[in-house]
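Student: Provided below are the primary sequence and the corresponding predicted coordinates.
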Amino acid sequence: MKRWGLAQREADTWNFFHDIGTAVDYWTMELKGAPSGTSHTRSRAEVVGHFAVVWVEGLRGWVALSHVKPITRTRLISFVLGDLYNALAVSAFPNPGKDGGKWL
């Protein structure tokens with residue numbers, strides 16, 4: 001099978017298991033070490049040239065599916081709770097430099 005056919009199969013498989021908005025880790029260069037970032041998909045997977053790709057929120061271009069890894073539910077929950085905790089901490093403990101250190 002030609003590379004395009006393999007890429008189309010990879011994109012179809014991704015689309016079967018993952019919706020738009022799937023939380024992902026992504027690597028913009030090599031797959032070594034920590035991911036370049038964490039975000040969510042903003043498109044279905046498609047084939048560009050002979051690569052299966054997906055568009056990721058916050059990036060200008062596409063990312064090859066080989067460089068994207070869906071975040072597990074457990075990690076997603078901790079990621080969301082971490083954002084919630086940070087938002088609550090910022091609102092409960094204001095920056096003394098901006099408001100003179102007054103409590104809300």
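Tutor: All right, it came through fine. Numbers count the residues shown, from 1 in each chain.
Student: just the strands in this structure please.
Tutor: Residue ranges of the strands in the chain, as given by DSSP state E, are 23-26, 37-40, 46-48, 51-55, 62-64, 68-70.
Student: and among the ones you listed, the most buried is which?
Tutor: When neighbours are counted by mean count of other CB atoms under 10 Å, the highest per-stretch mean among these falls to strand 51-55, a mean of 21. All C-beta spots, glycine's among them, are computed from the backbone N, C-alpha and C.
Student: need the residues that contact stretch 37-55.
Tutor: Here stretch 37-55 makes contact (CB atoms under 8 Å, 6 or more residues apart in numbering) with 3-4, 7-8, 10-12, 14-15, 18, 20-26, 28, 56-59, 61-66, 68, 71, 79.
Student: and the end-to-end length of that stretch?
Tutor: Across stretch 37-55, the straight-line distance between its terminal residues is 14 Å, by CA to CA, to the nearest Å.
Student: average pLDDT across it?
Tutor: Taken as a whole, stretch 37-55 has an average pLDDT of 94.
Student: same check on stretch 20-28?
Tutor: 93.
Student: re earlier: and the contacts of stretch 37-55, which of them are buried?
Tutor: Neighbour-count burial (16 or more other CB atoms under 10 Å) applied to the contacts of stretch 37-55 gives 7-8, 10-11, 14-15, 18, 22-26, 56, 62-65, 68, 71.
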